[in-house]
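Undergrad: Sequence plus the predicted model coming up.
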Amino acid sequence: MGILAKDHSVPFVEQEFKDTSIKGKSFEIMQRHKPQRTWKSSLDSTMSLFFKYLEVEKRYTLSSIESWIRKLKCFTKFITKNKKIENDFEKTLSELTLKEIISYEDYLIQRHNNGEIQENTIYKYLFVVQLFVNFLRKNKRILFDYSVPPSLINQGKRTNAYSATQDIIKLVETTEQYSNFKIRDLCILLLIMELGCRPIEVTRLDIDSIRPSESLITLFCEKSGQRTLKISKDLSKVFKRYLEIRNNFNPNHDSVFINSFGEPLSRTGVSSMILRFNKKAFGKAKINAMALRHTYATNALDNLNDFEEVSKSMGHLHRTSTEYYVHKSVKRLLQNSLPFNPLQQLSKGDESHAH
């Protein structure tokens, strides 16, 4: 269910976002003879002072501070991007307004409603903004104050979105029945189900990332870097069929998944596709990409798969992210993998409706 209301004493700011992507941590090319700078030494002056504030006054651990700084950088990039000032947040601090922070709230809510992030993620990203504003105000850099709206604080508890097997089967069957891009859409769904990958990793796949003959696929996102994983032979066959269909569009780019115009499919496109078939199957939004990802992790650990392998497949940067599923995982209605293989239906499907 989408988040609708926020509790603010100032008017709600309406803003359309043409580009809803926040890029993650960038890579810095270093000369080999120079020692690589640590993440701490690479901080600008304001961030360095904020680091000290978190360390001395708030008494956070180093790992927690690193996590907060990483989340705060998403906010600073959002602000500089909207102001069209490339990587120069220092110069915008004195002009920072509460309206801009509310716009950031709207942006995060939009990403949640698109199924890109969890509800609790909104709170985490806004809480560090609250800490940062308190720090700036204390140092007389700004005059206003900010607190995370109560309606968003309520979303702060982390949830384990788990989808029942029967619901997943219904979603897959509905996609196969109603999709105008059946092979593409099933390929995306099955990829997320099989590897627990993120939508952004799906949309960033290029032709060189897939090796169907070897049943290998390479995923990438800034959050966790690059990883190469094994896929099932059945999914490899679906990929081969999809790539044949893709070639008919003669795209002028290397992105694997394309829309009806032959352009690269976006994360919003993936979310919209899943939402569309949710409404067909259930009459409402019930299963999003995040739920499929969480279901994969929970099932994998319930079935005693190797912890490190599950963590690698999920692209978790820290062990604690995977350990969460260990603590929350309980025996579900069905402990094993889906007792239904939607791929078997493809071999019987009408090829004329494949694209």
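TA: Received, thanks. Numbering: from 1, shown residues only.
Undergrad: Check the burial of residue 262 by counting its neighbours.
TA: Counted with other C-beta atoms under 10 Å, the neighbours of residue 262 add up to 14. The way it works is simple: take the backbone N, C-alpha and C, and place the C-beta from them, glycine included.
Undergrad: do residue 99 as well
TA: Here the count is done by other C-beta under 10 Å, and residue 99 has 12 residues near it.
Undergrad: Give me the pLDDT value at it.
TA: pLDDT for residue 99: 93.
Undergrad: swap in the one 4 residues further on?
TA: Turning to residue 103, the model gives it a pLDDT of 94.
Undergrad: go on, residue 296?
TA: The confidence metric pLDDT takes the value 68 at residue 296.
Undergrad: looking at this structure, which helix or strand does the model trust least?
TA: helix 319-328 (a mean of 41; mean pLDDT, DSSP states H and E).
Undergrad: Going by residue numbers, what spans are strands in this structure?
TA: For the chain, the strands identified by DSSP state E occupy 210-211, 216-221, 225-230, in order along the chain.
Undergrad: Include mean pLDDT and mean neighbour count when you put those into CSV, please.
TA: Shown next, in CSV, are these (pLDDT from 0 to 100; neighbours: other C-beta atoms under 10 Å):
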stretch, mean pLDDT, mean neighbour count
strand 210-211, 90, 17
strand 216-221, 84, 18
strand 225-230, 80, 14
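Undergrad: Would you convert these into JSON lines that also reports distance to residue 103?
TA: As requested, those are exported to JSON lines (distance: least, C-beta to C-beta, whole Å):
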{"stretch": "strand 210-211", "distance to residue 103": "37"}
{"stretch": "strand 216-221", "distance to residue 103": "24"}
{"stretch": "strand 225-230", "distance to residue 103": "30"}
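Undergrad: Ok, which of the ones you listed comes nearest residue 243?
TA: Closest approach to residue 243 among the strands of the chain (C-beta to C-beta): strand 210-211, 7.5 Å.
Undergrad: Could you name the stretch from the strands of the chain that's closest to residue 282?
TA: With C-beta to C-beta as the measure, strand 216-221 is the member of the strands of the chain nearest residue 282 (28.6 Å).
Undergrad: Sketch out the low-pLDDT regions of the stretch 151-300 of the chain for me.
TA: 154-161, 222-224, 296-300 (pLDDT under 70).
Undergrad: if we can go back for a sec, any idea which of the strands of the chain gets closest to residue 180?
TA: Closest approach to residue 180 among the strands of the chain (C-beta to C-beta): strand 210-211, 22.7 Å.
Undergrad: which strands and helices sit next to the closest one?
TA: Strand 210-211 makes packing contacts with strand 216-221 when contacts are defined by 3 or more C-beta pairs under 8 Å, 6 or more residues apart in numbering; DSSP states H and E.
Undergrad: what does the strand it packs on contact?
TA: When contacts are taken as C-beta atoms under 8 Å, 6 or more residues apart in numbering, the neighbours of strand 216-221 outside the stretch itself are 24, 191, 195, 197-198, 200-201, 204-205, 208-211, 226-231, 315.
Undergrad: Compare the strands of the chain and report which one is nearest to residue 249.
TA: strand 210-211 (16.6 Å).
Undergrad: what are the pairing partners of the closest one, and which direction each?
TA: Strand 210-211 has its sheet partners listed here by DSSP bridges as strand 216-221 (antiparallel).
Undergrad: Figure out which of the strands of the chain is closest to residue 60.
TA: For the strands of the chain, proximity to residue 60 was assessed by C-beta to C-beta; strand 225-230 is nearest, at 24.8 Å.
Undergrad: pull the CA atoms of the closest one into CSV?
TA: Output for strand 225-230, consisting of C-alpha atoms alone and laid out as CSV, is shown next (Å, rounded to 0.1, in the frame of the first residue of the first chain):
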residue,chain,number,x,y,z
GLY,A,225,29.3,-3.8,-6.8
GLN,A,226,29.5,-6.6,-9.3
ARG,A,227,28.8,-10.3,-8.9
THR,A,228,28.5,-13.2,-11.3
LEU,A,229,25.9,-15.8,-10.5
LYS,A,230,24.7,-19.2,-11.9
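Undergrad: Could you pull out the helices in the stretch 201-350 of the chain for me?
TA: Assigned by DSSP state H, counting those that start in this stretch, the stretch 201-350 of the chain shows helices spanning 233-247, 267-282, 289-302, 307-314, 319-328, 343-346.
Undergrad: Quick check: mean pLDDT of the fourth one?
TA: The one in question is helix 307-314. Mean predicted lDDT for helix 307-314 stands at 51.
Undergrad: Ok, which of the strands of the chain comes nearest residue 266?
TA: With respect to residue 266, and counting by C-beta to C-beta, the nearest of the strands of the chain is strand 216-221 at 14.4 Å.
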